[in-house]
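In: quick one, what's the 3D model for this:
(one chain, ligands or ions: 1)
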Amino acid sequence: GNNNVLHIGGIFPIGGKGGWQGGQACEPAVRLALEDVNKNNILSGYQLKLHWNDSECDPGLGASVMYDLLYNKPQKLMLLAGCSTVCTTVAEAAKMWNLVVLCYGASSPALSDRNRFPTLFRTHPSATVHSPTRITLMKKFEWYRIAIIQQTEEVFISTVEDIEDRCKENGIEIITRQSFLSDPTDAVKNLRRHDARIIVGLFYVVAARKVLCEMYKQQLYGKAYVWFFIGWYEDNWFELNLDKEGIKCTREQMRIAAEGHITTEALMWNQNINQKTISGMTSEDFRKKLERVLQDEGHAIDKHLYPEGYQEAPLAYDAVWAVALAFNKTMSILEKQGKSITSFNYNNKEIADHIYSAINSTQFLGISGWVAFSSQGDRIALTQIEQVIDGKYVKLGYYDTQFDNLTWLGKERWIGGKIPQDRTVIRRVL
Ligand SMILES: CC1(C)CO[C@@H](CC(=O)O)CN1
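Out: Numbers count the residues shown, from 1 in each chain. Presented below is the predicted three-dimensional model:
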């Protein structure tokens, strides 16, 4: 026996330059969760122990970290991973070792595929979680003629495909779909050519600044337009790094172009900040505890210098609780059959199936809100809707996809004082 310890593997994006370095805050969050899970004896007499390394959000490095974890003792019972590219590689391979993979930082819609990823679960919602929210808003404001502009990145390509399907289902016409690699000039020009008024923009934040400046130059902003941007950029993203990134607009021009745009994002922090979650902490307690750990480890914590992964930290914390609760369920089932989870080995599909079905049915109130998984292992999450009013993001409402329930706060403001229309309306002067 291995003196009552259950071992799991972890792959975190810490270093490197490309992609998302969210492991910087997610690995400390996982450490906090392990302390809490072990302190609360969630595994009835067993301790949960993590063995991890850095993937730099690089799938090749992530694969070699996975092999090291699997070819070195002790035997691991499952893997935690972050970054869509790394999760794609790890989850595609992990099934050969009968390992469940739980991703705390992977938004790619391509991962919602039980054929390719039969053992994948994620506490991070797919990027498609925005789509029903956007559609609900379009129907609310009677926008049935929209345009899309996107960066040619895999995550946005599969997100657009999801939006197109849902627009068809809801009688919303997509008049044009523009994409660009890094220079959006022509794409924005084509939006104007199609007289696009309601526009969904899908790109990373550096490309978003280029689009915003191009919108200003081509006057595709103001009272006749509604832009949907992604909500997980930094709060004042449209005023940052203009010189560094060669943006040919002033802060004032960027602010003018940004005024009034709407954003959607998945909620990653339980909104009721006084509500005690399964660990006994509120999401506010967790934020304070995490900031203390990050500060002690030399991370600057102020409005604009959060370490990468700060927003997603609750997803990593809750991932460990999901594993612990699932293992505990599995252990009690196996004990009734006179078996033990510690007899799992990479070829033991029977125990792997118990772990899979335990995770599949695990639900609890976590720091990131209600944690539950769809049949494809996707995180079921709420989304938040905001609008830039006088240069600042204002909460407009929340949307619960599961129950098609929109909570609307009535705070929206239109530059022209009335809801922009989705097309030029020709008034017939009689
Ligand atoms: C909201 C965001 C920034 C989306 O990308 C995730 C990383 C990824 O999908 O690779 C992390 N969270």
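
In: near the ligand, which residues of the protein?
Out: For the chain, the contact set with the ligand under CB under 6 Å from any ligand atom comprises W20, G22, C83, S84, G105, A106, S107, S108, W232, E312. Glycine gets a C-beta too; all of them are placed from N, C-alpha and C.

In: TSV for those residues, including neighbour count and pLDDT?
Out: Shown next, in TSV, are these (neighbours: other CB atoms under 10 Å; pLDDT from 0 to 100):
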residue	neighbour count	pLDDT
W20	22	95
G22	28	97
C83	31	96
S84	26	96
G105	32	98
A106	32	97
S107	25	96
S108	23	95
W232	17	93
E312	27	98
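
In: for V65, pull up the helix or strand it's in.
Out: Using DSSP states H and E, V65 sits within helix 59-71.

In: same question, P420
Out: Per DSSP H and E, there is no helix or strand for P420.

In: thought W227 was touching it, still the case?
Out: No: using CB atoms under 8 Å, P420 is not in contact with W227; the gap is 10.2 Å.

In: these two: who's more crowded?
Out: A side-by-side neighbour count of P420 and W227, using other CB atoms under 10 Å, places W227 first with 23 against 17.

In: mind listing the helices for the stretch 201-350 of the chain?
Out: Using DSSP state H, counting those that start in this stretch, the helices of the stretch 201-350 of the chain run over 205-217, 251-258, 283-296, 313-336, 349-360.

In: ok, back up a step: export the residues of the chain next to the ligand to TSV and tack on secondary structure?
Out: As requested, the residues of the chain next to the ligand are exported to TSV (DSSP: H, G, I helix; E, B strand; the rest coil):
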residue	secondary structure
W20	coil
G22	coil
C83	coil
S84	helix
G105	strand
A106	coil
S107	coil
S108	coil
W232	coil
E312	coil
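
In: can I get the residues you listed in JSON lines with distance to L365?
Out: Formatted as JSON lines, those follow (distance: CB to CB, whole Å):
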{"residue": "W20", "distance to L365": "26"}
{"residue": "G22", "distance to L365": "23"}
{"residue": "C83", "distance to L365": "27"}
{"residue": "S84", "distance to L365": "26"}
{"residue": "G105", "distance to L365": "21"}
{"residue": "A106", "distance to L365": "22"}
{"residue": "S107", "distance to L365": "22"}
{"residue": "S108", "distance to L365": "26"}
{"residue": "W232", "distance to L365": "23"}
{"residue": "E312", "distance to L365": "18"}
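
In: pLDDT below threshold where in the stretch 201-350 of the chain?
Out: Residue ranges of the stretch 201-350 of the chain with pLDDT under 70: 303-304.

In: looking at it, which residue is nearest the ligand?
Out: Of all residues in the stretch 201-350 of the chain, the one sitting closest to the ligand is W232 (4.2 Å; CB to the nearest ligand atom).

In: residue contacts, F364?
Out: Residues in contact with F364 (CB atoms under 8 Å, 6 or more residues apart in numbering) are T277, I278, W321, A322, L325, W370, V371.

In: now swap in K139 and tell me
Out: Contacts of K139 by CB under 8 Å, 6+ apart are N170, I172.

In: and it, what element?
Out: Assigned by DSSP H and E, K139 falls in helix 130-140.

In: the helix or strand just after that helix vs helix 130-140, what angle?
Out: Following helix 130-140 in sequence order, the next helix or strand is strand 145-151 (DSSP H and E). On the basis of axes from the mean of the first three to the mean of the last three CA atoms, to 10 degrees, strand 145-151 is oriented at 150 degrees to helix 130-140.

In: so what touches strand 145-151?
Out: Residues contacting strand 145-151 (CB under 8 Å, 6+ apart): 138, 156-157, 159-160, 163, 167, 172-182, 184, 187-188, 191, 194, 196-204, 207, 211, 422-423.

In: at 7 Å instead, please
Out: 138, 156, 160, 163, 172-180, 184, 187, 191, 194, 196, 198-204, 207, 211, 422-423 (CB atoms under 7 Å, 6 or more residues apart in numbering).

In: so which of those residues are in helices?
Out: M138, F156, V160, I163, A187, L191, A207, V211 (DSSP state H).

In: need the contact list for the last one.
Out: By CB under 7 Å, 6+ apart, the contact list for V211 reads I149, P184, V188, G201, F203.

In: just the CA trace of the helix holding V65, in CSV.
Out: Taking Å, rounded to 0.1, in the frame of the first residue of the first chain, the C-alpha atoms of helix 59-71 are listed here in CSV:
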residue,chain,number,x,y,z
PRO,A,59,1.2,20.8,-26.7
GLY,A,60,4.5,19.1,-27.4
LEU,A,61,6.0,20.1,-24.0
GLY,A,62,2.6,19.2,-22.4
ALA,A,63,2.8,15.7,-24.0
SER,A,64,6.3,15.1,-22.7
VAL,A,65,5.2,16.3,-19.2
MET,A,66,2.3,13.8,-19.4
TYR,A,67,4.7,10.9,-20.4
ASP,A,68,7.0,11.8,-17.5
LEU,A,69,4.1,11.7,-15.1
LEU,A,70,2.8,8.4,-16.4
TYR,A,71,6.2,6.6,-16.8
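
In: and the next helix or strand along the chain from that helix with helix 349-360, angle?
Out: Next helix or strand after helix 59-71 toward the C-terminus (DSSP H and E): strand 78-82. Interaxial angle, strand 78-82 versus helix 349-360 (the same axes, to 10 degrees): 50 degrees.

In: setting the sequence-adjacent residues aside, check what's closest to D195.
Out: Leaving aside its chain neighbours, D195 sits nearest to T424 (6.0 Å; criterion: CB to CB, 6 or more residues apart in numbering).

In: if we can go back for a sec, which among the contacts of V211 count as buried?
Out: Among these, those buried by neighbour count (16 or more other CB atoms under 10 Å) are I149, P184, V188, G201, F203.

In: pick out the most distant pair among these.
Out: Spanning the widest gap among those are V188 and F203, at 11.8 Å by CB to CB.

In: is it true that E56 touches G16?
Out: Yes: with contacts counted by CB atoms under 7 Å, E56 reaches G16, the gap being 2.8 Å.

In: ok, the residue nearest to D195 - how many residues close by?
Out: T424 has 8 nearby residues by other CB under 10 Å.

In: tell me the phi and psi of it?
Out: Phi and psi for T424, reported as degrees, to the nearest 10, are phi -70, psi 130.

In: now do K395
Out: phi -70, psi 130.

In: name the nearest residue to it, ignoring sequence neighbours.
Out: Computed as CB to CB, 6+ apart, the closest residue to K395 that is not its neighbour in sequence is E386, at 5.6 Å.

In: next one: G416
Out: In space, G416 is closest to K223, 3.1 Å off (CB to CB, 6+ apart).
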